[in-house]
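Asks: Just the structure for this:
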Amino acid sequence: MKKIVISTGGGDAPGLNAVIYAVVHACYRRGWEVFGSRSGYKGLLDRDELYRLQLKDVEDIYSTGGTILGSTNKGNPFAMPFENLAGEVKIIDVSDKIMKNFDRMGFDCHIAIGGDGSLEIAHRFSEKGMPVVGVPKTIDNDLEATDRTFGFDTAVSTATEALDKLHSTAKSHDRVMVVEVMGRDSGWIALYSGISGGADVILIPEVPFAMQKVCEKIMENELHEKNYSIVVVAEGAVAAGGKVVSKEGGELGRSEPLLGGIGDWVAQEVRERTGKDTRSLVLGHLQRGGSPTTFDRLLAMRFGAAAVRLVEEGVFGHMVALKSPHMGSVPLAEAIKSRKKVNLNSDKVFTAREIGICLGD
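Replies: Numbers count the residues shown, from 1 in each chain. Next up, the predicted model:
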């Protein structure tokens with residue numbers, strides 16, 4: 001009998017529960033025990049945050065959003081914020097304590113579900129001797145080592161549905177609607193939803209944009225008696241010669257700036273340059289919520305089942321990866337090496353340009 005612990009880290013994504021469902025079922029078919037660690041690594045710090053997952057605990061969860069284990073993007077055990085009795089916040093390393101608890105509790109493997117940040121932490125534990133199998137999770141689809149990540153398809157569907165609804169209100173008022181979507185420094189969500197949702201302009205981090213080009217496209221619509229426009233902008237998009245727009249302060253424990261605000265900036269520029277009634281909308285965490293699409297459910301279950309197969313084969317320090325049509329694995333070190341960017345020579349970019357979408361260049 002093997003004893004497995006599973007955790008979910010970083011931002012939530014539709015399909016997390018489907019992975020948990022598949023892992024628990026695949027383990028029980030082998031006669032293994034599965035434990036869930038709440039809020040990332042909390043269960044390996046405090047046994048009260050660790051509980052055994054049985055089949056009844058995961059019944060029907062494959063169709064629900066979020067994660068029954070809870071998640072956090074502030075729980076890096078190698079740099080954990082800790083507030084002492086004096087109210088002072090210090091950053092401490094609790095990784096050795098987690099390693100000791102992992103061994104003391106008799107776990108054979110840790111299945112870590114997360115994006116590049118969570119998988120980097122898993123890789124560091126792997127280097128300390130913990131048997132780890134990673135499962136890629138990010139709505140941004142920006143992990144280079146796998147063709148797709150679960151959560152992305154659902155996020156794109158949510159963004160596309162929002163764009164479909166914005167067309168009617170934009171047309172009714174002759175407005176320019178600027179929609180900011182997630183994606184960090186990759187433009188996958190913006191590109192996919194922008195094309196599918198009939199956007200006039202799509203601004204992605206891979207293409208530094210010129211506001212003059214954006215406004216020219218909007219005014220060109222007027223010449224064709226289309227008196228409204230839809231602009232989709234990725235949160236990490238940057239104007240040529242400009243800087244990434246981020247929120248001041250950010251969050252404690254984050255290694256990266258908290259992106260946000262580029263949509264408002266673009267809307268203000270469009271308003272001032274064209275005189276058009278312009279509004280901005282940030283979809284934000286709507287893209288993370290809701291029931292996963294069929295594609296994401298199936299992909300998440302495939303990842304979960306493949307992770308258990310890696311445990312059975314003793315392949316640790318690896319992440320399961322989709323190399324279509326097959327499910328394989330790559331070393332964690334390779335999985336976190338670089339982020340996947342939109343290929344500007346891809347058919348999807350060509351399609352956007354061919355149907356008249358402006359990319360700001």
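Asks: Phe316 and Gly129 touch, don't they?
Replies: No - with contacts counted by C-beta atoms under 8 Å, Phe316 stays clear of Gly129, the gap being 9.9 Å. Any C-beta I mention is one placed from the backbone N, CA and C, and that applies to glycine too.
Asks: The two - which one has more neighbours?
Replies: More crowded of Phe316 and Gly129, by other C-beta atoms under 10 Å: Phe316, with 18 against 11.
Asks: And the lowest mean pLDDT element among the helices and strands of this structure?
Replies: The helix or strand of the chain with the lowest confidence, counting by mean pLDDT, DSSP states H and E, is strand 80-83 at a mean of 82.
Asks: Could you tell me the end-to-end distance of stretch 60-72?
Replies: 23 Å (C-alpha to C-alpha, to the nearest Å).
Asks: List the buried residues for that stretch?
Replies: Within stretch 60-72, the residues that qualify as buried are 61-62, 64-72, counting by 16 or more other C-beta atoms under 10 Å.
Asks: Tell me the one of these nearest Arg271?
Replies: Looking at the buried residues of stretch 60-72 and their distance to Arg271, the nearest is Gly65, at 35.1 Å (C-beta to C-beta).
Asks: Tell me where the model's unsure across the stretch 201-350 of the chain.
Replies: 248-256 (pLDDT under 70).
Asks: Just the strands from it, written as ranges.
Replies: Listed in chain order, the strands of the stretch 201-350 of the chain (DSSP state E, counting those that start in this stretch) span residues 201-203, 229-234, 278-282, 318-323, 326-331.
Asks: Out of the ones you listed, flag the one nearest Leu50.
Replies: Among these, the nearest to Leu50 by C-beta to C-beta is strand 318-323 (23.1 Å).
Asks: Output that closest one as PDB, nothing but the C-alphas.
Replies: Only the C-alpha atoms of strand 318-323 are listed here, as PDB (Å, rounded to 0.1, in the frame of the first residue of the first chain):
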ATOM      1  CA  HIS A 318       8.500  15.000 -13.100                       C
ATOM      2  CA  MET A 319       5.400  16.800 -14.200                       C
ATOM      3  CA  VAL A 320       2.700  15.100 -16.300                       C
ATOM      4  CA  ALA A 321       2.400  16.900 -19.700                       C
ATOM      5  CA  LEU A 322       0.200  16.700 -22.700                       C
ATOM      6  CA  LYS A 323       2.100  16.100 -25.900                       C
END
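Asks: With that, I have no additional questions.
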